[in-house]
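> Just to be clear, the model below is a prediction. Sequence and coordinates:
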Amino acid sequence: MRGKRVNDASRDALGQGNALNAPKLAPSILSADFARLGDAVAAAEAGGADWVHVDVMDGHFVPNLTFGPKMVADLHRATRLPLDVHLMIERPEDWVARYVEAGAAYVTVHVEAARDAAAALAAIRKGGAKAGITLNPDTDVARILPLLDRADLVLMMSVQPGFGGQSFIASALDKVRALRAALDRIGSAAELEVDGGIKPENANAVARAGASVLVAGSAVYLDPAGVSAAIAKFRKAIA
Ligand code: DX5
Ligand code: ZN
C-alpha cells in the first residue's frame with residue numbers, strides 16, 4: 001500500500017509544527033551505509049521523514065551505479081514511508097514499470113534521458129504510481145513545460161546528478177521560482193521537489209522559492225548528531 005501518511009499524523013500528535021505550507025522532507029539514502037539500508041530507512045521513519053528518496057544510477061546517464069528494482073522492492077517491505085525513486089538512467093521508459101511494480105510511490109525520469117518522456121510519465125501513471133519529471137541544473141526549464149500537465153511531481157536538480165555531498169547551485173533557485181509559477185499558472189497540484197546540496201542553512205530559501213519537497217542526503221545521513229537530530233534541524237529551519 002502506498003502513500004500512508006503515518007508521519008504527518010505522528011507529528012501532529014506530538015505537536016511538532018508541520019505547518020500546512022511547510023515542505024516535506026525526503027532523506028536520500030545515497031549517503032547512507034549501503035550495507036545497512038534497512039536501518040537507514042528505519043532511522044528516517046523514526047525521525048519523522050515524509051518520504052525516502054532512492055537514487056537509481058546506471059553508470060551511463062551519470063558516472064555512478066546504485067540500485068536496481070529488487071532494492072526498491074526490499075526497501076518497500078522495510079518501511080511504511082513512500083519511496084520516491086529518482087531514475088538517473090538512460091532509456092527510463094524501458095524500466096519505469098519495473099520500479100512501479102517494486103512498490104515505488106513516485107517514479108521520476110530525466111527529460112534529458114528519455115526518448116519519449118510523455119510516454120514514460122503515462123506508463124508510470126498506468127502502473128498506479130505518481131509520475132515525476134526532472135531536469136538538470138543546466139537544462140532550460142522550457143524543455144519540461146509541455147510535460148507539466150502530465151506530471152504529479154517536478155524535480156529541480158540543484159547539483160549535477162551522480163553524487164551526494166556537492167554544493168548547492170544557487171542559480172537553481174530561479175528555476176524553482178519559474179517552475180512554481182508555471183505550475184500555478186496551469187492550476188497543477190504537482191509536488192515541486194528540489195534535490196542537491198540542501199542543508200538546514202539553505203532549506204528555508206529553497207522552501208520560499210516554492211518547493212514542496214526537499215531532498216537531503218549528506219545533511220541527514222552524515223550528520224554526526226544522527227538522523228533524527230538532522231531531521232529536527234530541517235524542521236526548525238522550515239517551520
Ligand atoms: C544526486 C542525487 C541526490 C543526492 C543528494 O545525484 O540525486 O539525491 O543524494 O545528496 P546531497 O543532499 O548530499 O546533495
Ligand atoms: Zn536524487
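Yep, it's here. Residues are numbered from 1 along each chain as shown. Ligands and ions are numbered 1, 2, ... in the order given.

> where does the chain have low pLDDT?
Where the chain drops to pLDDT under 70, the residues are 1-20.

> Give the helix, strand or coil label for the one residue in the chain that gets nearest to ligand 2.
At 3.8 Å from ligand 2, H86 is the closest residue in the chain, using C-beta to the ion. The way it works is simple: take the backbone N, C-alpha and C, and place the C-beta from them, glycine included. Using DSSP: H, G, I helix; E, B strand; the rest coil, the structure places H86 in strand.

> And it, how far from P92?
From H86 across to P92, the span is 10 Å (C-beta to C-beta, to the nearest Å).

> Not counting its own residues, what contacts the helix ranked longest in the chain?
Secondary structure assigned by DSSP state H gives helix 172-185 as the longest helix of the chain. Applying C-beta atoms under 8 Å, 6 or more residues apart in numbering, the contact partners of helix 172-185 are 135, 137, 141, 145, 148, 154, 156-158, 190, 192, 194, 196, 205-206, 209-211.

> which of the residues you listed count as buried?
135, 137, 141, 148, 154, 156-158, 190, 192, 194, 196, 205-206, 209-211 (16 or more other C-beta atoms under 10 Å).

> just these that are near ligand 1?
Among the buried ones among the contacts of helix 172-185, the residues that sit close to ligand 1 (C-beta under 6 Å from any ligand atom) are G196.

> quick one: which of the buried ones among the contacts of helix 172-185 sit in strands?
With DSSP state E as the criterion, strands contain L135, V154, M156, M157, L192, V194 from among the buried ones among the contacts of helix 172-185.

> Dump the residues you listed to a markdown table, plus distance to ligand 2.
As requested, these are exported to a markdown table (distance: C-beta to the ion, whole Å):
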| residue | distance to ligand 2 |
| --- | --- |
| L135 | 12 |
| V154 | 13 |
| M156 | 11 |
| M157 | 8 |
| L192 | 14 |
| V194 | 10 |
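
> Closest one to ligand 1 out of those, please.
Closest approach between these and ligand 1, by C-beta to the nearest ligand atom: M157, at 6.8 Å.

> So the closest one is in contact with P137, correct?
Yes. With contact defined as C-beta atoms under 8 Å, M157 counts as touching P137 (5.4 Å).

> any common contacting residues for these two?
Counting by C-beta under 8 Å, 6+ apart, the shared contacts of M157 and P137 are A172, G196.

> Tell me the residues of the chain that contact ligand 1?
28, 30-31, 53, 55, 86, 159, 161-162, 164-166, 195-198, 215-219.

> What are the buried residues along the particular helix or strand that has I124 in it?
Using DSSP states H and E, I124 maps to helix 117-127. Neighbour counts over helix 117-127 (16+ other C-beta under 10 Å) mark A117, A120, L121, A123, I124, R125, G127 as buried.

> what does it contact?
92-93, 96-97, 100-101, 107, 109, 111, 114, 130-133, 144, 147, 150-152.
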